[in-house]
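Novice: need coordinates for the below:
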Amino acid sequence: MALCYCKKCGRIILFLFDKDEKICDCCKYNVEPIPKQFLSGEFSINAELKEKFVSEYIKTSPEFDQYLFDHREEILTKQSAEFDAKMAHGKAVLEEQNRVTKCPSCGSSNISRIGVINRVVSTHFLGLASSKIGKTHKCNNCGTTW
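Specialist: This is a model prediction of the structure:
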C-alpha cells in the first residue's frame, strides 16, 4: 500500500495494491509516492504539513497544470457520472437479453408465438391429439413447442 500524489493535477491517492505503474485516476499521469516526512502514519498525509508539501512538491513540478489542480473535483465527478451511465446502460442491456424468451430444449432465441387461430385450427382437425393445446411458443430451430 502506498499514498501517492500526481505531479500534474495534485491529486493524492491511496493505492491498496502494489503495482509496477501507478496512474492518476483524474488525469491519467504517473504518480509518485509521498515522501515519508509528510506522512502521519502509513495512509494519511500530515494535515499541518500538507500545504508545505503541495507548494514544494506539486506546484513546483514542471508537469504541474493549474487548471487540472483547480478543477480536479469537477473532472472526477464528471468521470464518475459517465461511468455510472455506462454501468446503467450495460445493466439495461443485460436485463433486456435476459427477458428474451428462449427455447427450453436448445436455448435458441429463434422462436415464434403460436397464434390463437393456429391453435384453434390444429385442435379442430386433431382434437385432443393436437400438440398445440395449451402451447404458446414454438422453436424455429428444434421444433419444440411450449
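Novice: quick one: low-confidence parts of the chain?
Specialist: 19-20, 118-134 (pLDDT under 70).
Novice: hmm, residue 15 is touching residue 5, no?
Specialist: No: counting by CB atoms under 8 Å, residue 15 does not reach residue 5; the two are 11.2 Å apart. All C-beta atoms are positioned from the backbone trio N, CA, C, and that covers glycine.
Novice: more crowded one of those two?
Specialist: More crowded of residue 15 and residue 5, by other CB atoms under 10 Å: residue 5, with 23 against 14.
Novice: dump the residue contacts of that one.
Specialist: Residues near residue 5 by CB atoms under 8 Å, 6 or more residues apart in numbering: 11-13, 31-32, 34, 53, 57-58.
Novice: same question, residue 42
Specialist: Neighbouring residues of residue 42 by CB under 8 Å, 6+ apart: 1, 3.
Novice: equivalent analysis for the one 3 residues further on, please.
Specialist: If you count contacts by CB under 8 Å, 6+ apart, residue 45 has them with 3, 12, 34, 38-39, 53.
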